[in-house]
Each structure stands twice: as C-alpha cells, then as structure tokens.
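*Asks:* what would the 3D arrangement of this be:
(one chain, ligands or ions: 1)
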Amino acid sequence: MGKDVIVACDFASKEDVFAFLDKFQEEKPFVKIGMELYYAEGPEIVREIKRRGHKIFLDLKLHDIPNTVKKSMKVLSTLGVDITNLHAAGTTRMMEAALEGLTRPDGTRPLLIAVTQLTSTDQESLEKDLWIEKPMEQVVMHYASNAAKAGLDGVVCSPLEAQAVHNTCGEKFLTITPGVRFADGDIGDQKRVMTPAQAKEIGSDYIVVGRPITAAEDPVAAYKRCVAEFVG
Ligand code: C5P
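*Replies:* Numbers count the residues shown, from 1 in each chain. Model prediction:
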C-alpha cells in the first residue's frame, strides 16, 4: 500500500457514518473506525463499510496480557481490515503475540501499528503518573524501536516525529500521522499540526484526517484537496 489519506470517521452511530460516506460517489476513502463507533455498532459496522469497498484502519488500541491480545487479534483478523493497532506499552512479548494472533492460516494479515505514547500524555504526566523519567522523545523512539524489533509494520506518531522514527527504525517502517490541518483551516484541539503537503515532505506514509474533512462544508472537496496535497 502506498501513501494515502485515512479519514477518521469519529461518528457515534452507523446512521451518521453512512450519511457521511454516502456523499462519496466516485472516491472510496480509506477510513479509520475508532472505539466509539465500534463499541456502539459492533463488528458488523466493519463488515458493512468493507462491503462498500473502503479500506479500513480499525483503531482499537489493544493493551492486555499477551494471551488475551493474541486471541483478540485472531478474532479481528477475520474482519478483513487493512490496518489495526495496539499499545507498545504492552511490551515486546505482547506485540509478538499480537502478530501471531493476527496472522491468518494462509499467512496473510492486516498491517499492525503501535501507539507509542498518546499525544494527550505530556512530559509532566509521563513523570508524575507513569513514573517514566526519560524525555518524551526518547520514550517514543524506544517504543517505536521495540515495535520494529517485534516485527510490527509501523507506529502512529506526530508528523513532527515521523522523520526521527524513520531514522531510528528504517525507511520502510510506516509512520501514520494525525494532527493534520489545512493551512487556512481551524486547528481545533490539536496542538502541533502540519498541512498535508508538509506531512508529505517530511515522509509520513499515511495521514489521518478527521474534522478538516468530516466537518467541512463540502467533505468530498476537502478530501480531494487533502489527497491532492498529500499524494500529489
Ligand atoms: O479531527 P482530527 O483530524 O483531529 O482527528 C484526528 C484523529 O486521529 C482522531 O480520530 C484522533 O483520535 C486520532 N489521533 C490523534 N492523535 C493521536 C492519535 C490518534 O489525533 N496521537
């Protein structure tokens, strides 16, 4: 899979997500399904969106003992998603177990991506709540290299970290970057943002874009603009 724009479908119900996807007639955007929609509608929502011909990033961020994650990934592998993810904080052993569970009998599997540290965690909470005393950037790079060693395909990271992740884990290790905004758009609650064109320049492999597309007056035009800037 090459560079692509992944649309974060952060909707609360299937009615809302289909009202959004119905606007797309020619394009079939790669969509991200998160916890809210998955927990509201269950696995059938994944099957339905897949049947409509979309690629899917199932963003459930698994984090549990290796055996439980392995068995859960085995279930998720039957849904036919293209990308799924977990927390690198679950340890290298958990990531290896996840890969085993995700691999189908025919040897194929969805791409598996790690979350390093959530962007909502800052240096202060890293130290005070988690008792991790290293600088955030070092923690992120360490978790990314654990993910690479475990055999995962990439990490979710800030566009500002994408280059460093490629330097540490290799050019082929995928960087999926949220926090993307158009140059003339609203930043909202995101703090460190980049435009799609900048994300392309610094080597992001996939950008995850939510509100700049889902809340746009013309979502299809916003999606096309994003693809034109990022994929070219
Ligand atoms: O609407 P917006 O473009 O900010 O949406 C970004 C999407 O990426 C949301 O689904 C959000 O949960 C997700 N995300 C993020 N920052 C991270 C990880 C995921 O914004 N570090």
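*Asks:* list phi and psi for the nearest residue to residue 130 once chain neighbours are set aside.
*Replies:* Here the nearest residue to residue 130 in space, its sequence neighbours aside, is residue 121; by Cβ to Cβ, 6 or more residues apart in numbering that works out to 7.5 Å. In short, each C-beta sits where N, CA and C put it, glycine included. Residue 121 has phi and psi values of phi -90, psi 120 when expressed as degrees, to the nearest 10.
*Asks:* try residue 113
*Replies:* According to degrees, to the nearest 10, residue 113 has phi -120, psi 140.
*Asks:* residues touching it, list them.
*Replies:* Under the criterion of Cβ atoms under 8 Å, 6 or more residues apart in numbering, the contact list for residue 113 reads 83-85, 152-156, 174, 176.
*Asks:* ditto for residue 92
*Replies:* 146, 149-150.
*Asks:* what count of nearby residues applies to the residue nearest to residue 211 when sequence neighbours are not counted?
*Replies:* Closest residue to residue 211 apart from its sequence neighbours, by Cβ to Cβ, 6+ apart: residue 188 at 5.9 Å. Counted with other Cβ atoms under 10 Å, the neighbours of residue 188 add up to 12.
*Asks:* for residue 188, give its distance to residue 54.
*Replies:* Residue 188 is 24 Å from residue 54, where distance means Cβ to Cβ, to the nearest Å.
*Asks:* what do you get for residue 144?
*Replies:* Counting by Cβ to Cβ - residue 144 and residue 54 are separated by 28 Å.
*Asks:* ok, residue 67 next?
*Replies:* Residue 67 sits 32 Å away from residue 54, going by Cβ to Cβ.
*Asks:* show me which of those two is the more surrounded one.
*Replies:* Comparing residue 67 with residue 54 by other Cβ under 10 Å, the one with more neighbours is residue 54, at 19 against 11.
*Asks:* tell me the secondary structure for that one?
*Replies:* Assigned with DSSP: H, G, I helix; E, B strand; the rest coil, residue 54 falls in the coil class.
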